[in-house]
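[1] I'd like to go over a predicted model; first the sequence, then the structure.
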Amino acid sequence: MNEFKFIKIRIAIFEFLILNRMKNLIIILLLLSSGTAFAQVNESDEICNAYDSLLAKAVKEGDVTHISQLNIKTTLIKRAIGPVAHEINIYFDEFEIIHEDDQFPPEKKAAIRKVKFSINAGSYTIQYQYYFDKKGGLIKYNEVEIGYECIIRNIYYKKDAPVRITLKPTNRGCLPEDRVKPYDKTDLSKKDKLKAATALKEANQFKELLKLNYELLR
């Protein structure tokens, strides 16, 4: 009987050690995952800030001719709101593909880099920004709403998958009781993933819009 109890105690101790090792392993994996997400965010922010600085420099120097862009302005009538002004600015890089066969001339291509989609309804303004890497992959989505939800939302992507979402209030045009609670998370909910999927779908639609217009106008 005593030997049986001893065996049970040894099994219990073994199970305890295994469970603790598994918990520690899970914690380590979560920390590694979080660290990877934050590293991805820093890299994405560097790319986005560098491109924004390039655009700002071109505007300041009055030389925007070397920045390839497609601009679309329109006004739509929305029910219960009235005229709503929309403006879409698509910025892209142009490059040539040289074929080995001399019979084919160099082929011009466009790679999307940034989209700024602005909505102004008088009572509120919303600005969506989509940032892409040099290969045309979405790396960051930025949303600023004033007079509507009064938020600044950022969604970061890696290989078309969201890795981090941040949210904070704009502190402009909102009553104190309307301000959202800020958060910064890498463990995304179903709602977060749905929002990220919608932004990715919109980004791909802008890519198609650029492709269509570029083929028509180049």
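    Everything's here; your move. Numbering: from 1, shown residues only.

[2] okay, now the unreliable bits of this protein?
    Applying pLDDT under 70 to the chain flags residues 1-41, 64-65, 78-81, 97-105, 148, 172-178, 217-218.

[3] quick one, helices of it?
    Counting by DSSP state H, the chain has helices at residues 2-60, 190-217.

[4] now the shortest one: buried residues?
    Residues of helix 190-217 classed as buried by neighbour count (16 or more other CB atoms under 10 Å): 192, 195-196, 199-200, 202-203, 206-207, 209-210, 214. For every residue, glycine as well, the C-beta is placed using N, CA and C.

[5] scan this structure for its longest strand.
    The strand that spans the most residues within the chain, counting by DSSP state E, is strand 82-97.

[6] and it, what does it pack against?
    With contacts defined as 3 or more CB pairs under 8 Å, 6 or more residues apart in numbering; DSSP states H and E, strand 82-97 has these neighbours: strand 68-78, strand 107-120, helix 190-217.

[7] pull the shortest one out as PDB, backbone CA atoms only.
    Provided in PDB are the C-alpha atoms of strand 68-78 (Å, rounded to 0.1, in the frame of the first residue of the first chain):
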ATOM      1  CA  SER A  68       3.900  59.000 -59.500                       C
ATOM      2  CA  GLN A  69       0.300  59.400 -58.300                       C
ATOM      3  CA  LEU A  70      -3.300  59.000 -59.300                       C
ATOM      4  CA  ASN A  71      -5.800  61.500 -57.900                       C
ATOM      5  CA  ILE A  72      -9.600  61.100 -57.900                       C
ATOM      6  CA  LYS A  73     -12.100  63.600 -56.600                       C
ATOM      7  CA  THR A  74     -15.800  63.100 -56.500                       C
ATOM      8  CA  THR A  75     -18.900  64.100 -54.500                       C
ATOM      9  CA  LEU A  76     -21.600  61.600 -53.700                       C
ATOM     10  CA  ILE A  77     -25.100  62.200 -52.200                       C
ATOM     11  CA  LYS A  78     -25.600  60.000 -49.100                       C
END
